[in-house]
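K.L.:
Test case, fold it:
(one chain, ligands or ions: 1)
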Amino acid sequence: MDKIVVHGGKPLHGDVQISGAKNAALPVLTAALLTEGTCTFHNIPDLVDIKTTYKLLRNMGVEIEGDSTVQISADKIINSVAPYDLVKTMRASILVLGPLVARMGKARVSLPGGCAIGARPVNLHIKALQDMGASVELRGGYIEATADRLKGANIYFDLPTVTGTENIMMAATLAEGTTVLNNAAREPEIINLADVLKGMGAKINGAGTDVITITGVTSLTGTEASIIPDRIEAGTFMIAAGMTQGDINVLGCNPQHLEALINKLRDTGMKITPIDGGLKVAAGRKIHSVDVKTLPHPGFPTDLQAQIMAYMSIGSGLSVITETVFENRFMHVSELMRMGADITIQGGSAIVRGVPALYGAQTMATDLRASASLILAALVAEGTTEISRVYHIDRGYENIEKKFSALGADIQRMKQ
Ligand code: UD1
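P.N.:
Numbering: from 1, shown residues only. Next up is the predicted model:
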C-alpha cells in the first residue's frame, strides 16, 4: 500500500493542468449502455474509479479501448448485474441501474450500503424507477428491477440527488412518453451528461435547472463528446495556493463552475483573476477566516468542505463550517487536529479556530476528499507528514503528487 510523504513549507508557483471530471466521466461512461452504437469520449481522467467503472462495464460484455480518449461499445450486453465486489468500492456504480433497466428491461445492482461519509441511501433512485412503472425488489443485498418498457412520469425528488438525477435522466431517454424531473440536481456534471445524451439522440430540456424534461425515444446512437474539467480538483489546487502563500495558474478549468468557491476564497483575501485558459490564483497577505455552508450546486460544494477546513485551520480568526449535504462528513477533523488544528464539532458544524501553524504528523486518509485536505494541511505544516491509505485519493485525483511536485511542493509517494 502506498503512502504520501510531504515536507511542508514550500509556496506553490507555476501552472497546473486540470484533468477531466471524475463525477462527469462516471455517468457519461455508463450512458454508453443505452446504445448499440460506439461512443467516443475524450478527456477521461486516469483514476481508480474510472478503472472500476470499466471492470463493471466489461463484466456486462461492453468493449472498451483507449486511455484519455476511449471507445466504448455496448453492442451486446451479456448480463445486467453490478456485483457487490465492485459496487462496494464505488457507490457511483449505481449509475448502471437506470441505463440497464431502460435498455435491457432488467438490472440486478448491489445496494451500495453505508460509507465513510454517511448512510447515503439510494431510495430516491428506486422510487423514481417505480414511478416510471418498474417493478423493484430488494433481495439478498441487491436491487432487482424489471420493466417491459419504462413509462414517462412526473417525478419529484425529495432532495436534489446528483446521481439520482443522472440515473433517472438516462432511464427516461428510452422510456415511452415524457418524464419530468422536479427538484433535480443542477450540477455542471448533469449538463455534461445531458449534452452527451442529446448527442446520442435523446430529447432533453432544462438540464442545469431544477426541472428537467425528457421525451423518450425508441433508440439512441453512438456519439463523440468530451468530459468537462474537474471543478473539485481545480478547487483543491486553488485552496493549496492560498494556504502556501503561493501564486499559480489553474489551467483548463471552467471558472463558471467554480463561482461559489471563487467568491469564498476572495473573502479570505486571495486574488483570483481570469486568464486565457483558466484562472490565476494568488494568496492574500493574511488569511481572513470565513464561514462556509455546503449546499447543492450552485452552493458551496460538499466535495470541497474538507479542503476549505484545512485552509481555515490556519486562518486569522474563527470559522464556522456547516455541512448540510452529508450527515457524517467530518472524518478529516480528527486527523487535522493531530496536525495541530483547533476544531470542535457541534452537530452539523465545525468550529475552526485558526492556529498560527500546523505540524507534520502521521495521518490516515479516510475518504477521497478527506485525503485531499490532509495533503493541503501537510503542504503548510512544519516538518514531515505521512498520509497512509492513499488509495482513497487515487480514486479521484489524477497524479496528485506529480502535479503538486511540479508546483514546487516537496511531496513523494512511497511504498509502505
Ligand atoms: C454525488 C457525487 C459526490 C458528491 C455528492 C453531493 C458523483 C459520482 N458523486 O454523490 O462526489 O459529494 O453528489 O454533491 O457524482 N440521498 C437520499 N436518497 C437517495 C439519494 C441521495 O437520501 O436516493 C441523499 C444523500 O444521502 C445526501 C443527499 O441526498 O444527503 C445528496 O446526495 P447525492 O446528490 O445523491 O450524492 P451522490 O449522487 O451519491
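K.L.:
Name the residues that touch stretch 350-360?
P.N.:
By C-beta atoms under 8 Å, 6 or more residues apart in numbering, the residues outside stretch 350-360 that reach it are 6-8, 287, 289, 309, 312-323, 330, 333, 336, 339-345, 377-378, 380-385. For every residue, glycine as well, the C-beta is placed using N, CA and C.
K.L.:
In helices, which of these appear?
P.N.:
Among the contacts of stretch 350-360, the residues falling in helices (DSSP state H) are 309, 312, 333, 336, 377, 378, 380.
K.L.:
Rebuild those residues as CSV, extending it with neighbour count.
P.N.:
As requested, the ones in helices among the contacts of stretch 350-360 are exported to CSV (neighbours: other C-beta atoms under 10 Å):
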residue, neighbour count
309, 26
312, 30
333, 21
336, 27
377, 33
378, 28
380, 25
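K.L.:
Closest one to the ligand out of those, please.
P.N.:
Compare each of those with the ligand using C-beta to the nearest ligand atom and the shortest gap goes to residue 309, at 14.9 Å.
K.L.:
In PyMOL, how would I select just the buried ones from the contacts of stretch 350-360?
P.N.:
Buried members of the contacts of stretch 350-360, defined by 16 or more other C-beta atoms under 10 Å, are picked up in PyMOL with:
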select buried, resi 6+7+8+287+289+309+312+313+314+315+319+321+322+323+330+333+336+339+340+341+343+377+378+380+381+385
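K.L.:
near the ligand, which of the contacts of stretch 350-360 show up?
P.N.:
Among the contacts of stretch 350-360, no residue lies close to the ligand (C-beta under 6 Å from any ligand atom).
K.L.:
And the spatially closest residue to residue 135 that is not a sequence neighbour, how close does it get to residue 73?
P.N.:
Distances taken as C-beta to C-beta, 6 or more residues apart in numbering place residue 146 nearest to residue 135, at 5.3 Å, with adjacent residues excluded. Residue 146 sits at a distance of 25 Å from residue 73 (criterion: C-beta to C-beta, to the nearest Å).
K.L.:
Please apply the same query to residue 384.
P.N.:
Using C-beta to C-beta, we find residue 384 at a distance of 48 Å from residue 73.
K.L.:
ok, now which ones touch the residue lying closest to residue 89 once chain neighbours are set aside?
P.N.:
Once flanking residues are discounted, residue 89 sits nearest to residue 52: 5.8 Å by C-beta to C-beta, 6+ apart. Shown in contact with residue 52 (C-beta under 8 Å, 6+ apart): 86, 89, 90, 93.
K.L.:
at 7 Å what do you get?
P.N.:
Residue 52 sits next to 86, 89, 90 when contact means C-beta atoms under 7 Å, 6 or more residues apart in numbering.
K.L.:
Low-confidence stretches in the stretch 101-250 of the chain?
P.N.:
Residue ranges of the stretch 101-250 of the chain with pLDDT under 70: 113-119.
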